[in-house]
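Peer 1: Pasting the sequence and the predicted coordinates here, then a few questions.
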Amino acid sequence: EVQLVESGGGLVQAGGSLRLSCAASGFTFDDDDTIVWLRQAPGQEREGVSCIFMRAGSTWYADSVKGRFTISSDNAKNTVYLQMNSLKPEDTAIYYCNSDGLSGSYWGQGTQVTVSS
């Protein structure tokens, strides 16, 4: 089955850190893929947080997370990570990863991140 599997969410105090993982199953990330992390808080629209363009390795971050979050990829593990530091209560949301490229567009099931004040 072709799918993305997110993991690494949880409950953390403000100022803490989490590392989310987005693992591809049934396909392999390639240079044509763009991997995006998005989040959706209760009652709010889904928003883009960060992305990585696999061919160039270039990255993008939303202003709200710039300087605190880092996206990276491990081709050997077919996994993209989102390192989240200095977490704030407003980072609380379900985090999703999306892979978009020539092989298709895939979504994970989401992982809950809760930051307590």
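Peer 2: Everything's here; your move.
Peer 1: make it CA atoms for all contacts and neighbour counts henceforth
Peer 2: Fine.
Peer 1: residues touching Phe27, list them.
Peer 2: 2-3 (C-alpha atoms under 8 Å, 6 or more residues apart in numbering).
Peer 1: For it, which three-state class applies?
Peer 2: Under the three-state scheme (DSSP: H, G, I helix; E, B strand; the rest coil), Phe27 adopts coil.
Peer 1: same deal with the one 3 residues further on?
Peer 2: In the three-state summary, Asp30 is assigned as coil, counting by three-state DSSP.
Peer 1: in the chain, which spans are strands?
Peer 2: Secondary structure of the chain, counting by DSSP state E: strands at 3-7, 10-13, 18-25, 34-40, 47-53, 58-61, 69-74, 79-84, 93-101, 104-107, 111-116.
Peer 1: and the ones you listed as CSV, adding mean pLDDT?
Peer 2: As requested, those are arranged in CSV below (pLDDT from 0 to 100):
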stretch, mean pLDDT
strand 3-7, 94
strand 10-13, 98
strand 18-25, 96
strand 34-40, 98
strand 47-53, 97
strand 58-61, 97
strand 69-74, 97
strand 79-84, 98
strand 93-101, 96
strand 104-107, 92
strand 111-116, 98
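Peer 1: Adding mean neighbour count, write those strands out as CSV.
Peer 2: CSV is the format used below for the strands of the chain (neighbours: other C-alpha atoms under 10 Å):
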stretch, mean neighbour count
strand 3-7, 20
strand 10-13, 15
strand 18-25, 21
strand 34-40, 22
strand 47-53, 20
strand 58-61, 16
strand 69-74, 18
strand 79-84, 21
strand 93-101, 22
strand 104-107, 14
strand 111-116, 20
